[in-house]
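Peer 1: predicted model and sequence follow; I will ask about them next.
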Amino acid sequence: MNLMDFENARFNMIEQQIRPAEVLDTKVLEVIARTPREEFVPLAYRKLAFVDTHIPLGRDQVMMTPIQEARILQALQIKKTDKILEIGTGSGYLTALLARMGAHVYSVDMFQPFISDAQSKLTRAGITNVTLEVADANSGWDTHAPYDVIVVTGSLPLMPDALKHALTLGGRLCAIVGDAPVMECRRYTRLAHKDWRCEDIFETELPPLINAPQPQRFVF
């Protein structure tokens with residue numbers, strides 16, 4: 001595909017996938033329109049950059065679909081002053097979107113190759129307000145807490161309390177919670193020191209975060 005093909009595909013992705021999924025926030029649509037998703041997709045899958053599917057990244061990890069990314073961004077209601085935590089850097093694409101909407105993104109991933117690759121892509125895109133770190137942050141990452149926004153890019157069987165406690169007052173956390181095939185994208189908003197509002201935003205499915213905390217399960 002040439003540059004014009006990519007631009008047409010991006011336009012169609014927004015108009016035929018994202019808008020019909022009730023993503024109407026102009027800030028979200030604008031940042032998606034000007035961020036080249038194809039530059040963050042593995043070369044072998046570049047032709048699928050704008051398709052409504054999970055794209056393999058290796059190491060049993062995937063990119064979220066364009067609709068998942070857009071609906072999560074809309075739900076987070078990101079402000080220019082927000083300090084953001086992303087658990088699971090992956091391709092770096094969502095990192096780029098978050099960085100262009102907020103003040104600074106701290107993104108953590110278990111795999112050094114993901115971090116190195118994402119850093120190269122972010123640098124080429126001229127995005128500098130990101131700190132990438134290698135760590136297992138499946139239960140939280142308090143190094144730079146508190147955060148105004150937290151997003152988890154793999155599903156969680158249950159929501160760790162540590163993540164909710166890492167939010168500022170008024171802070172928002174989005175994660176896909178549950179077990180396949182029944183999962184919900186949930187938004188948690190911190191209302192007070194020990195009070196959070198939980199809202200189900202949309203039903204979806206996503207592979208689990210590696211080493212995610214597991215609920216106690218009955219064995220028969």
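Peer 2: Nice, thanks for sending it over. Keep in mind that this is a model prediction, so the values were computed, not measured.
Peer 1: give me the most central residue, the protein.
Peer 2: The centroid of the chain falls nearest to Thr153 when counting by C-alpha atoms, centre = their mean (4.6 Å).
Peer 1: tell me which residues touch it, please.
Peer 2: Residues counted as contacts of Thr153 (C-beta atoms under 8 Å, 6 or more residues apart in numbering) are 64, 86-90, 94, 209. Using the backbone N, CA and C atoms, a C-beta is placed for each residue, glycine as well.
Peer 1: one more time with 10 Å, if that's ok
Peer 2: 61-64, 68-69, 72, 86-91, 93-95, 107, 109, 174-176, 206-207, 209 (C-beta atoms under 10 Å, 6 or more residues apart in numbering).
Peer 1: now do Met159
Peer 2: Here Met159 is in contact with 152, 173, 175, 177, 186, 188, 196, 198, 213 (C-beta under 10 Å, 6+ apart).
Peer 1: any chance of these in TSV, with pLDDT, secondary structure and neighbour count too?
Peer 2: As requested, the contacts of Met159 are arranged in TSV below (pLDDT from 0 to 100; DSSP: H, G, I helix; E, B strand; the rest coil; neighbours: other C-beta atoms under 10 Å):
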residue	pLDDT	secondary structure	neighbour count
Val152	97	strand	24
Leu173	98	strand	24
Ala175	97	strand	26
Val177	96	strand	20
Arg186	97	strand	19
Tyr188	98	strand	20
Trp196	97	strand	17
Cys198	97	strand	13
Pro213	73	coil	16
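Peer 1: mind checking which of the contacts of Thr153 are in strands?
Peer 2: 61-63, 86-87, 107, 109, 174-176 (DSSP state E).
Peer 1: of all these, which two lie farthest apart?
Peer 2: Spatially, the most separated pair among these is Gln61 and Cys174, at 18.4 Å (C-beta to C-beta).
Peer 1: need the helices for this protein, in chain order.
Peer 2: Ranges of helices in the chain, per DSSP state H, are 3-13, 26-33, 66-76, 93-101, 112-124, 161-165.
Peer 1: buried residues of stretch 7-22, list them for me.
Peer 2: Within stretch 7-22, the residues that count as buried by 16 or more other C-beta atoms under 10 Å are 9-10, 13-14, 17-18, 21.
Peer 1: and those, which is closest to Glu30?
Peer 2: Ile14 (9.8 Å).
Peer 1: is that closest one in contact with Leu29, as I believe?
Peer 2: Yes - using C-beta atoms under 10 Å, Ile14 is in contact with Leu29, at 6.1 Å.
Peer 1: who touches both of those two?
Peer 2: 23, 70.
Peer 1: dump the residue contacts of the closest residue to Ile55 other than its chain neighbours.
Peer 2: In space, and not counting its chain neighbours, Ile55 is closest to Met63: 4.3 Å by C-beta to C-beta, 6 or more residues apart in numbering. By C-beta under 10 Å, 6+ apart, the contact set of Met63 is 37, 40-42, 45, 48-49, 53-57, 69, 90-94, 153.
Peer 1: at 7 Å instead, please
Peer 2: Neighbouring residues of Met63 by C-beta atoms under 7 Å, 6 or more residues apart in numbering: 41, 54-55, 57, 90-91, 93.
Peer 1: what's the answer for Asp109, then?
Peer 2: Neighbouring residues of Asp109 by C-beta under 7 Å, 6+ apart: 88-90, 115, 134.
Peer 1: what subset of those residues is buried?
Peer 2: Among the contacts of Asp109, those classed as buried by neighbour count (16+ other C-beta under 10 Å) are 88-90, 115.
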